[in-house]
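J.: quick one: sequence plus predicted model below, questions after.
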Amino acid sequence: MDPQPYGEDLAVFDFIEPGREMVYTAWTSGDDWAARAHVSEDGAEGVVVRRIDTFRRLTAEGSEQVRHGTESHRVRVLQPEYVLGVLDSQGFDSSLARAYGAFRLPDRRVAAFATKRGT
């Protein structure tokens, strides 16, 4: 997306809205690395949790090792009306979309485009 037509005061972000529970595991890999993401949702807290494990094969001095890392992301689930209300209360004109240009967002993801009023 080319931000130039919108000027310098454009804020663009996406968020997850409520809907069918998110629970899945995804893998991707290359020649010497792999990554796994396990996604689950705590509906009572309104949070999606992504646990990401990374694996990297290292070869040094004839021996092979695997480096493993783990991180966890907690993402708050937000009502679209709430996001619009917060942006409006902070002086932004905003709109929501299901895509960034030709790139369609996955289910339950919403893009927000906001510009500061008076700029």
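T.: Now that the structure is in, tell me what you want to look at. Residues are numbered from 1 along each chain as shown.

J.: confirm residue 85 sits in a helix?
T.: Yes - the assignment for residue 85 is a helix, going by DSSP: H, G, I helix; E, B strand; the rest coil.

J.: distance of it from residue 18?
T.: Residue 85 is 16 Å from residue 18, where distance means CB to CB, to the nearest Å. Yep, even glycine has a C-beta here, placed from its N, CA and C like the rest.

J.: neighbours of residue 108, how many?
T.: For residue 108, the neighbour count with other CB atoms under 10 Å is 16.

J.: from here on, call the first residue 54.
T.: OK, 54 is where the count begins now, so the last one is residue 161.

J.: that one: what's it in contact with?
T.: 69, 70, 71, 72, 73, 75 (CB atoms under 8 Å, 6 or more residues apart in numbering).

J.: now it, nearest residue through space, not along the chain?
T.: residue 72 (4.5 Å; CB to CB, 6 or more residues apart in numbering).

J.: how many neighbours does residue 69 have?
T.: The number of residues near residue 69, taken as other CB under 10 Å, comes to 20.

J.: revised request: answer the last question for residue 110.
T.: 13.

J.: quick one, domains of the protein?
T.: Using automatic domain parsing, the domain ranges for the chain come out as 54-70+131-172, 74-129.

J.: format those domains as CSV; extra columns: mean pLDDT.
T.: What follows is these, written out as CSV (pLDDT from 0 to 100):
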stretch, mean pLDDT
domain 54-70+131-172, 88
domain 74-129, 95
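
J.: most tightly surrounded among these?
T.: Most buried of those, by mean neighbour count (mean count of other CB atoms under 10 Å): domain 54-70+131-172, with a mean of 13.

J.: so residue 67 is in contact with residue 162, correct?
T.: Yes - using CB atoms under 8 Å, residue 67 is in contact with residue 162, at 5.3 Å.

J.: next, show the common contact partners of these two.
T.: Common neighbours of residue 67 and residue 162 (CB under 8 Å, 6+ apart) do not exist.

J.: before we move on, the earlier item: the residue nearest to residue 161: helix or strand, and which one exactly?
T.: Using DSSP states H and E, residue 72 is not contained in any helix or strand.
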